[in-house]
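Enquirer: Build me a model:
(chains A, B and C)
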Amino acid sequence: MTPALLIFILLGIIAVASALAMLLSRNTVYSALFLILNFLAVAVIYILMGASFVALSQIAVYAGAIMVLVLFVIMLLGTQHLDPRETLKWQRPLAIVLTLALIIQGAYALITRYGFQYATLAASPEFVDPKNLGMVLFQKHSLPFEVTSVILLVAAIGAVVLTHKQKKDGGA
Amino acid sequence: MESGQIFNLVPWVVFLPVIGLVVNLLLGRRLGEVFSGVVASLASGLTFVVAVLLAAALASAPNARVVSPWEWISIGELTVRWAFRVDTLSVVMMLAVSLVGTLIHIYSIGYMHSDVRHNGDPGRYTRFFVFMNLFIASMMLLVSADNFLMMFVGWEGVGLCSYLLIGFWYEKGKNGIGNAEAAKKAFITNRIGDFGLLIALFLIFGYFGTLQFDEVFRQAASVAAAHPGAMLLITLAMLLGVSGKSAQIPLFVWLPDAMAGPTPVSALIHAATMVTAGVYLVARSTAFYSVVPVAQTVVMWVGALTALLAATIALGQYDIKKVLAYSTISQLGFMVAAVGMGAMVAGMFHLVTHAFFKGLLFLSAGSVIQGMERGMHGGDDSAEFDPQDMRNMGGLRKKMPLTFWVYLIGGLALSGIAPLAGFFSKDEILGAAYTGHNAVFVLLVLTAFLTAFYMGRQLVMVFFGKPLSAAAEHASESPRVMTIPLVILALLSLLGGALNLPGVHTLEHWLAHTLGEVKPAEFIWLVAGLSFLLALLGLGLAWLIYTRREQKSGADDPLKKPLGALYTGMERKWWVDEFYQALILNPYKAFAQFIAEPVDLGIIDRVGGGLAAGMRALAEGLRQLENGYVRSYALWMVVGLLAIMMFLFLR
Amino acid sequence: MFPVIYPIILAVILFSLGVAGVLLRKNAIVILMSLELMFNAANLVFITFANYHQNLDGQVFIIFIMVTAAAEVAVGLALIVNIFRAKKTISIDEMHSLKG
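Expert: Residues are numbered from 1 along each chain as shown, chains lettered A, B, ... in the order given. Take a look at the predicted model:
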């Protein structure tokens, strides 16, 4: 058992456990915090596989910016707790069964198809270097990059418009 | 204009009446009665002028011309052109139709003026002329067509006009639906005949590969040799069409009922023109019938038997128009028998003269009826009083002198008194029968005698003796716009025989260009003398019997006592209607009832209803899935996702 | 290092847990977070194969996904705020007026 595998297993356990905790905690604030933990664990896995720039982006954008926004909204609305009773009769058992089925089917199919013979690699310096990533991003993929900037702009304006109170109609 | 170019005018025989009807349709109601009548008459009159021009052009160059402005239908092997044919036969029909048609249009201006007021709906005045022009257009299409399909369009068109005009007073008649029923009967009976014609058309296309007249007739002999059965079927199916349109056995029952229409309609459509379409069809298809002798014999017998049967029924009728209607059937029988004997020219000759004198008789009858109606307002005004019943008439000779004289001319022409038109044409048919068809000759001679007798009966009952009702007492002469066409038609009936005088044979030579060499009808003195004598005898006998009868309104016919059951049969039209009712209509209705009640309501509707209820229940169940909860939708999406993955992995 | 299949299996589990969150929780914000979890699982797959092929395009793709996710969260949260204003709750089970 290599050290890399050991670290990966540890991180995997943390990721799955934090995801489950997010799912199960009654308090939304805890859910958010567990999700941040999950993001951090996955980010470390990225570093393990040599994607350090992406890992740092993940921490800064996801765990940082996005989750702060989510926490902010939770606090703003004050909806940490909801009535835990289930409205749909068969929803909970069916959902659990389906989730398990999804996991089992996916894992079984992938393992039987591809097995364990392909191995990940220790990252080469070229792969890790953020400079190379920047070259690829701005040269090869410059058009999609510009398009994402437009998407961001639209989303920002959209969010503002949606939350803006319309005074004339007496508040929509 | 050069004579070749004149032939290009031929589409106008159809378009002129169409223009007339469109003008009337758009403007007639606004511009009033006189306008409508004049436009319609003008359209018809100009059609006559075109026909005359065509005839004049043909006189110098008698070969058939085809004017074919457009291609009409082109499907696979079937190519039908919108083609008009000008030959001596079609021009004869055009002349007769447009001449009689125009006179009747003019007459209608006066007649319908009174009629729409009498029946209480002046708004229909324009509609009448629209229908009349439509009829002229359809009839022209029928006679000028250069292929069977286009002729069929005209054939259906005149049937439609006939339906529309019989049902012109659709809310009148017995129980308020009598006229509509009559129109329906005419249409459905015609439809049976049209079905036969359609079958003939299909077979023609099947065996000849074309519907164009020249092509078809050129191949007639060879096809008859190759497929005698098919040829027989074609001619007999065609005969069914003929017997529908021309009111022959077994489909004649609609024509007497068709008298529900206004009298000018009876004159134009149900006496002079449309009903002769069948005769025209057989004449046009000479090439077919000459190669199938069996079919020819059948046609001849159908005609002869119809002639006799209808003549006997005419004896027992009291309605002035019904007598003329049965007389028309009888005369059509004459024509059909003539063309069946191969005496095409004699048939066409009788067709033309009959158009003159039967048109005249009907129009005069219309004049008599209106005279009676005018008399009704002076006196007897009860609702049950029938101004068409001859038992209410009598003595009208003095009240309506002009109508009497023209009626007398028409009656004598129909009876076959020399030298009026009917004598020559009927004699030609009798002569043809005498030279080879003895049994038919006997039937036709007997019919001729009966014809004279019932015409004599009618003349005496209507015009002689003393008035048998207050209406007859107060009857008065019709206005000039009605009497002038009567006089013109009377002149034509007087002189129409000149068309084909024995020895000169103008019409014979004229039609020979189209029909080929027809055997020239010889004038047989014996036959002519016999028929003339019989006509005189019939008229004289009628005079003797009916002037001596008990002169009382509604009295029984004096023949009733001596003839007994025989006369009741004539009175009751030999129970043909009842026979059809029992044999065909009642089983048909019972079958329809069976289909409607147990089959349709019981089985088909239940199956449909059950399917609908099942789908409804299913939908009601599926509706529950659409519960508005997004999470539940997401759940089903995951189910779908799993299914798709399963499919992809297990593939 | 270790077989490629391990991180992939991890991604499958994380993704399925995200699905479970969408199906089980009524709180709209938690559902939004579950979606983020599913994005995250997808990103993990990208990184794994980028590493296997030593190809930088996979990493670039993750950057795009992050941007899109950020935009999605911004709009989603705005919608939730709006819904809360109208309904005084963010339970999505309260929003079921559209039904057959």
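
Enquirer: residues making contact with stretch C:87-100?
Expert: A:77, A:79, A:82-83, A:87-88, B:623-631, C:26-29, C:31, C:80, C:83-84 (CB atoms under 8 Å, 6 or more residues apart in numbering or on different chains). For the C-beta atoms, the positions are set from N, CA and C on the backbone; glycine is no exception.

Enquirer: Pull out the buried positions in it.
Expert: C:T89, C:I90, C:S91, C:I92, C:D93, C:M95 (16 or more other CB atoms under 10 Å in any protein chain shown).

Enquirer: Same question for stretch B:408-423.
Expert: Quick answer for stretch B:408-423 (16+ other CB under 10 Å): B:408-418, B:420-423.

Enquirer: do stretch B:33-53 as well
Expert: Under 16+ other CB under 10 Å, the buried positions of stretch B:33-53 are B:33, B:35-48, B:50-51, B:53.

Enquirer: Give me the contacts around that stretch.
Expert: Stretch B:33-53 has contacts (CB under 8 Å, 6+ apart) with B:6, B:9-10, B:12-13, B:16-17, B:19-21, B:23-24, B:27-28, B:91, B:94-95, B:98-99, B:101-102, B:105-106, B:108-109, B:112-113, B:122, B:125-126, B:129-130, B:132-133, B:136, B:140.

Enquirer: Mind checking which of these are buried?
Expert: Among those, the ones that count as buried by 16+ other CB under 10 Å are B:6, B:9-10, B:12-13, B:16-17, B:19-21, B:23-24, B:28, B:91, B:94-95, B:98-99, B:101-102, B:105-106, B:108-109, B:112-113, B:125-126, B:129-130, B:132-133, B:136, B:140.

Enquirer: how many neighbours does C:M33 have?
Expert: 28 (other CB atoms under 10 Å in any protein chain shown).

Enquirer: go on, the one 10 residues further on?
Expert: The number of residues packed around C:N43, counting by other CB under 10 Å, is 28.

Enquirer: Now it. Nearest residue, chain neighbours left out?
Expert: C:I62 (5.0 Å; CB to CB, 6 or more residues apart in numbering or on different chains).

Enquirer: quick one: average confidence on the host helix or strand of the one you found?
Expert: C:I62 is part of helix C:57-87, with elements assigned from DSSP states H and E. On average, the pLDDT along helix C:57-87 is 90.

Enquirer: How far off centre is it?
Expert: Between the centre of helix C:57-87 and the centre of its chain there are 9 Å (CA atoms, centre = their mean, to the nearest Å).

Enquirer: what's the answer for stretch A:51-64, then?
Expert: On the basis of CA atoms, centre = their mean, stretch A:51-64 is displaced by 11 Å from the centre of the chain it belongs to.

Enquirer: Show residues contacting it.
Expert: With CB under 8 Å, 6+ apart, stretch A:51-64 has contacts from A:36, A:39-40, A:42-44, A:46-47, A:123, A:128, A:130, A:133, C:36, C:40, C:43, C:47, C:50-51, C:59, C:62-63, C:66, C:69-70.

Enquirer: May I see the buried residues of that stretch?
Expert: Buried, per 16+ other CB under 10 Å, within stretch A:51-64: A:A51, A:S52, A:F53, A:V54, A:A55, A:S57, A:Q58, A:I59, A:V61, A:Y62, A:A63.

Enquirer: For chain B, just list every one of the strands.
Expert: Counting by DSSP state E, chain B has these strands, from start to end: B:65-75, B:78-86.

Enquirer: And for the first one, what's in contact with it?
Expert: This points to strand B:65-75. By CB under 8 Å, 6+ apart, the residues outside strand B:65-75 that reach it are B:7-8, B:10-11, B:79-87, B:146, B:149-150, B:214.

Enquirer: Which among those residues count as buried?
Expert: By 16+ other CB under 10 Å, these give B:7, B:10-11, B:80-87, B:146, B:149-150 as buried.

Enquirer: Would you reformat these as a markdown table and include pLDDT?
Expert: A markdown table is the format used below for the buried ones among the contacts of strand B:65-75 (pLDDT from 0 to 100):
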| residue | pLDDT |
| --- | --- |
| B:F7 | 85 |
| B:V10 | 88 |
| B:P11 | 88 |
| B:V80 | 81 |
| B:R81 | 83 |
| B:W82 | 84 |
| B:A83 | 87 |
| B:F84 | 90 |
| B:R85 | 90 |
| B:V86 | 89 |
| B:D87 | 89 |
| B:D146 | 90 |
| B:L149 | 90 |
| B:M150 | 91 |
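
Enquirer: Spatially, which two of those are the most separated?
Expert: B:F7 and B:L149 (21.5 Å; CB to CB).

Enquirer: near chain B at all, whichever strand or helix holds A:A19?
Expert: When elements are assigned from DSSP H and E, A:A19 belongs to helix A:3-24. No. For a cut-off given as CB under 8 Å from any CB of the partner chain, helix A:3-24 has no contacts with chain B; the smallest distance is 14.0 Å.

Enquirer: Roughly how far does the residue nearest to the spatial centre of chain A sit from chain B?
Expert: For chain A, the residue nearest the mean C-alpha position is A:F39 (6.0 Å; CA atoms, centre = their mean). Per CB to the nearest CB, to the nearest Å, A:F39 is found 23 Å from chain B.

Enquirer: helix/strand/coil for that residue?
Expert: helix (DSSP: H, G, I helix; E, B strand; the rest coil).

Enquirer: Setting aside sequence neighbours, what's the nearest residue to it?
Expert: Using CB to CB, 6+ apart, the closest residue to A:F39 is A:A63 (4.3 Å).
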